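K.L.:
predicted structure and sequence below. I'll ask about it afterward.
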Amino acid sequence: MTQASFQDVFAGVEDISPSIAKHYLLSNFENNRDLSTQQVNEYAKEMKSGLFTISSDCIAFDTAGRLINGQHRLNAVIQSETTQPFIVVRNLPPEVAQLIDVGKKRTMAARITIGGTRMSEKQCSTLRNALVPYKDNCVGTILYAKKIHDPFIENTFRNHQLFLQHPSITKFERGCSTFWTAAALRIFAEMYYRVECGFQFKHSQDPFERASMWLDLVVHGFSDHFQVDPKTDNAAIRIRNIKEKSSQDSRGSRWSSKADLRLTLSAAWHFMMGNSMQTIRPHGDDPFLTLPLLPSTNSYFN
């Protein structure tokens, strides 16, 4: 394609209603990719909830007037019965259709960061695994993966941002399972709430010390910062040993299943409480209090 190929191309912003979307879809080119009902449903949910926004990904037509990009979003406009603004580009060379959708899709962490709340990929995964319902069969990184989930993850992140961004926690991001850091967050948030309510734990540590010690023990098997007491701290050592003996899954990963996450949270709860455990078994229900219902922990650091 030469520069001359694009001399008649023009673009503008259009408000596309369901009737306009139906008209545009009549021009959908014959060899366009198969329509994904799931993708249409996700876009429609975003549109209905007000989360769908204009982006650089345009509705595109080629020189023959064929629709070469945007069929999923146009179908979602129809399904959602809403009117949405889009960038519409016309008179593109036909061969442009071969280049569409080959770029890298933005991750949830990238979307939230671009929106103004800086978040690392590890912090995002930690939060999603900390928030996933205990009895759901999916881990959090699978259950919470769509744009419609961004506000929920971002709001929870802001409630515990100073903990997740503290150097004593971020130093564990490299090479550390997000199941470990998700459990550390659950320990910190619940202990913070319980201490504020006057609860006394068997150990003498405060919420941040306890969460930090948990990470020391499950990642390294020892702590240079805290004195380990077998009567109150062995749940962390035991779950680390279980993880080290676990077998690889079909993808070559260790400690990545929902069963592993349930076992991690069960061990973390016993560690938080200071219970001496000979055997770690998963609880039938989530042993922790529901994270989104707990107060922000940021005031701990003020």
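P.N.:
Sure thing, it's come through. The structure displayed is predicted, hence computed values, not measured ones.

K.L.:
dump stretch 108-125 to PDB, keeping only the CA atoms.
P.N.:
Extracted as PDB, the C-alpha positions of stretch 108-125 are listed here (Å, rounded to 0.1, in the frame of the first residue of the first chain):
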ATOM      1  CA  MET A 108      -7.000  -5.000  32.800                       C
ATOM      2  CA  ALA A 109      -4.100  -3.500  34.700                       C
ATOM      3  CA  ALA A 110      -3.200  -1.500  31.600                       C
ATOM      4  CA  ARG A 111      -6.700  -0.200  31.200                       C
ATOM      5  CA  ILE A 112      -7.000   0.800  34.800                       C
ATOM      6  CA  THR A 113      -3.500   2.500  34.700                       C
ATOM      7  CA  ILE A 114      -4.400   4.400  31.600                       C
ATOM      8  CA  GLY A 115      -7.600   5.500  33.400                       C
ATOM      9  CA  GLY A 116      -5.500   7.200  36.100                       C
ATOM     10  CA  THR A 117      -4.900   4.600  38.800                       C
ATOM     11  CA  ARG A 118      -1.400   3.100  38.400                       C
ATOM     12  CA  MET A 119      -1.500  -0.700  39.000                       C
ATOM     13  CA  SER A 120       1.000  -3.400  38.100                       C
ATOM     14  CA  GLU A 121       0.000  -6.700  36.500                       C
ATOM     15  CA  LYS A 122       0.800  -8.600  39.700                       C
ATOM     16  CA  GLN A 123      -1.200  -6.200  41.800                       C
ATOM     17  CA  CYS A 124      -4.200  -6.700  39.500                       C
ATOM     18  CA  SER A 125      -3.900 -10.500  39.600                       C
END
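
K.L.:
for that stretch, which outside residues touch it?
P.N.:
106-107, 128, 140-141, 144-145, 147, 149-150, 153-154, 157-158, 164-165, 170, 173, 176, 178, 181 (Cβ atoms under 8 Å, 6 or more residues apart in numbering). All C-beta atoms are positioned from the backbone trio N, CA, C, and that covers glycine.

K.L.:
rounded mean pLDDT for it, please.
P.N.:
Taken as a whole, stretch 108-125 has an average pLDDT of 90.

K.L.:
where's Trp19 relative to Asn41, distance?
P.N.:
Slight slip there: residue 19 is Ser, not Trp. Here Ser19 is placed at a distance of 21 Å from Asn41 (Cβ to Cβ, to the nearest Å).

K.L.:
when the two are compared, which one has more neighbours?
P.N.:
Counting neighbours by other Cβ atoms under 10 Å for Ser19 and for Asn41 shows that Asn41 has the greater number, 15 against 11.

K.L.:
close enough to count as contact, that one and Gln79?
P.N.:
Yes - counting by Cβ atoms under 8 Å, Asn41 touches Gln79, with 7.5 Å between them.

K.L.:
residue contacts, the residue lying closest to Glu46 once chain neighbours are set aside?
P.N.:
In this structure, Glu46 finds its nearest non-sequential neighbour in Phe52, 4.0 Å apart by Cβ to Cβ, 6 or more residues apart in numbering. The contact partners of Phe52, taken as Cβ under 8 Å, 6+ apart, are 43, 46, 76, 84.

K.L.:
give me that answer again for 7 Å
P.N.:
Phe52 makes contact with 43, 46, 84, according to Cβ atoms under 7 Å, 6 or more residues apart in numbering.

K.L.:
so which residues of the stretch 51-200 of the chain form strands?
P.N.:
Residue ranges of the strands in the stretch 51-200 of the chain, as given by DSSP state E, counting those that start in this stretch, are 59-62, 67-69, 84-92.

K.L.:
so which of those gets nearest Leu25?
P.N.:
Smallest distance to Leu25 across these (Cβ to Cβ): 6.7 Å, for strand 67-69.

K.L.:
I'd like to know which of the contacts of stretch 108-125 are buried.
P.N.:
Neighbour counting by 16 or more other Cβ atoms under 10 Å classes 128, 140-141, 144, 147, 149-150, 153-154, 157, 164, 173, 176, 178, 181 among those as buried.

K.L.:
nearest to Glu95 among those residues?
P.N.:
Taking Cβ to Cβ as the measure, Glu95 lies nearest Lys147 of those, at 29.8 Å.
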